[in-house]
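[1] What follows is a predicted protein model with its sequence.
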Amino acid sequence: MQRVLRIVLVVLLWVLVAFYVVYATRLARHKRAERRLTSIEIVLADSTADGSLLTAQRVEGWLRRSNIRLDGRQIDSIDLAAIERLVARNGFVERVEAGVTSDGRLRITLSQHQPIVRLLCGGMNGYSTSEGYLFATPPRSALYVPVVTGTYSPPVPRTYEGLVRDHIDRQKARIDSLIARVEVEKYPFLKAEIANDKKIDSVRAVRIKRRWWAGETKEIFEKKVEETQAKKAAARRYFDYRGRLIQADLDRLAERQEEYRRQQKKLEKNYEDFTKLLTFVEELEQLDFWRSEVVEIEAKTAHSGELELTLIPRSGRFEIRFGRLEQTAEKFERLEHFYREGLTKLGWERYRVVDVRYSDRVVCQ
């Protein structure tokens, strides 16, 4: 009897607990539904965002200009996902999280991509991170980073935002599909080539024998041989001609595939040049003297297809023809030595061009 009573009491206890949980959940949900937004808090996760590309005022401006209404809204009616999408649309925003605190504050935590260079070349006006993430320059904002100008064009469309590597991979995948499509176009010609070869083999296999049992004379047989050889020669010429036409079509398709592969190689070459440029900027920023001395980097693609740079220094009235992005450390060493031992003695206004493209020397004009 006592055992049954204990079981009944335990069951009643669990029923009461379940009832309380359901009641508390509904009460909390009801109270939450009645709560209204009290304020908006913008949290910038990285210190460099302050006073640069990303500011709390800028984010608040995005919210004001959007269709998302927040003033006095009930907390449950706030579309946090829509707020995150709105903020994330701006390319320089790397990460964003929106949530509501227990006291009714909308907290938006975000961080920005950290650019290392500004690209004002090839019709582009944007920033790039060290990973090659590009985004457009926000209006009324600027960062103190090296500036690249000139005729050089990064390997993406002018308005592209995102990782350059992703764009290159998409383009290469598109070209791969074109190569595969051309391979399918080859099939009818390959089948025709095989059929044509078989016909040539059948022509070559034609043989005649003298019908001596039918009283065929030697003269008649030789005439038949001559006629057969003439027919075989004509047939071979015809099928050889068809074979050349088929091969010409196959060569045309193969050349189209080669052109696509050259485009892929060019894409990789352009991406390699772009990464070299980013690496150069990073190296430049590690050199205290040159980080402050170089105010502009002019980039161009030479006739050889190689990326070449010209540096515009803060001191003097000359330009530094740096050339290809190779042996950069040695070039900077020569330049620094020339600054100390040459320009300080000869004068900063003496030359218009300082050229370090040649090994072991500095050429001035």
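    That came through fine.
[2] Quick one: mean pLDDT over the helix or strand where Leu278 lies.
    Leu278 is part of helix 218-286 when elements are defined by DSSP states H and E. Averaged over helix 218-286, pLDDT sits at 89.
[3] Also stretch 129-137?
    In this model, stretch 129-137 has a mean pLDDT of 89.
[4] Show me what that stretch is in contact with.
    Stretch 129-137 is contacted by residues 90-92, 113-116, 118-119, 125-128, 154, 156, 159-165, 274-275, 278, 282 when judged by Cβ atoms under 8 Å, 6 or more residues apart in numbering. Backbone N, C-alpha and C define where each C-beta goes, glycine included.
[5] and it, how far apart are its ends?
    13 Å (Cα to Cα, to the nearest Å).
[6] List the buried residues for stretch 74-94?
    Neighbour counts over stretch 74-94 (16 or more other Cβ atoms under 10 Å) mark 75, 78, 83-84, 86-87, 90-94 as buried.
[7] hmm, I was thinking of stretch 292-299
    293-294, 296-299.
[8] Closest one to Thr310 out of those residues, please.
    Glu298 (4.2 Å; Cβ to Cβ).
[9] Verify the assumption that that closest one is located in a strand.
    Yes: assessed with DSSP: H, G, I helix; E, B strand; the rest coil, Glu298 lies in a strand.
[10] these two touch, right, Leu80 and Ala98?
    Yes: between Leu80 and Ala98 a contact is recorded at 4.4 Å, counting by Cβ atoms under 8 Å.
[11] Tell me the secondary structure at the closest residue to Arg236 other than its chain neighbours.
    In space, and not counting its chain neighbours, Arg236 is closest to Val203: 5.8 Å by Cβ to Cβ, 6 or more residues apart in numbering. Three-state assignment for Val203 (three-state DSSP): helix.
[12] Tell me how many other residues crowd the nearest residue to Ala299 once chain neighbours are set aside.
    Among residues not flanking Ala299 along the chain, Tyr152 sits closest, at 3.6 Å (Cβ to Cβ, 6+ apart). The tally of other residues near Tyr152 (other Cβ atoms under 10 Å) stands at 22.
[13] May I ask which helix or strand encompasses Tyr152?
    Using DSSP H and E, Tyr152 falls outside every helix and strand.
[14] same deal with Thr310?
    Here Thr310 is assigned to strand 307-313, by DSSP H and E.
[15] Remind me what the next helix or strand after that strand packs against, helices and strands.
    Next helix or strand after strand 307-313 toward the C-terminus (DSSP H and E): strand 319-324. Other elements packing on strand 319-324 under the criterion 3 or more Cβ pairs under 8 Å, 6 or more residues apart in numbering; DSSP states H and E are strand 307-313, helix 328-338, strand 353-355.
[16] Return the residues in contact with Gly91.
    Neighbouring residues of Gly91 by Cβ under 8 Å, 6+ apart: 113, 134-136, 161-162.
[17] From Thr137, how far off is it?
    Distance of Gly91 to Thr137, given as Cβ to Cβ, to the nearest Å: 10 Å.
[18] re the thing from before, could the contacts of Gly91 be laid out in TSV, adding distance to Gly61, secondary structure and neighbour count?
    Below are the contacts of Gly91 laid out as TSV (distance: Cβ to Cβ, whole Å; DSSP: H, G, I helix; E, B strand; the rest coil; neighbours: other Cβ atoms under 10 Å):
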residue	distance to Gly61	secondary structure	neighbour count
His113	19	coil	20
Leu134	23	strand	25
Phe135	18	strand	21
Ala136	17	strand	16
Glu161	20	coil	15
Gly162	24	strand	14
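[19] show me the contacts for Cys125.
    For the record, residue 125 is Asn, not Cys. Per Cβ under 8 Å, 6+ apart, neighbours of Asn125: 119, 136-137.
[20] for those, which one is nearest Arg107?
    Ala136 (27.1 Å).
[21] any idea how far the closest one lies from Arg158?
    Applying Cβ to Cβ to Ala136 and Arg158 gives a distance of 9 Å.
[22] Just the ones of the buried residues of stretch 74-94 in helices?
    83-84, 86-87 (DSSP state H).
[23] Looking at those, which one is closest to Lys209?
    Nearest member of those to Lys209, counting by Cβ to Cβ, is Glu84, at 88.9 Å.
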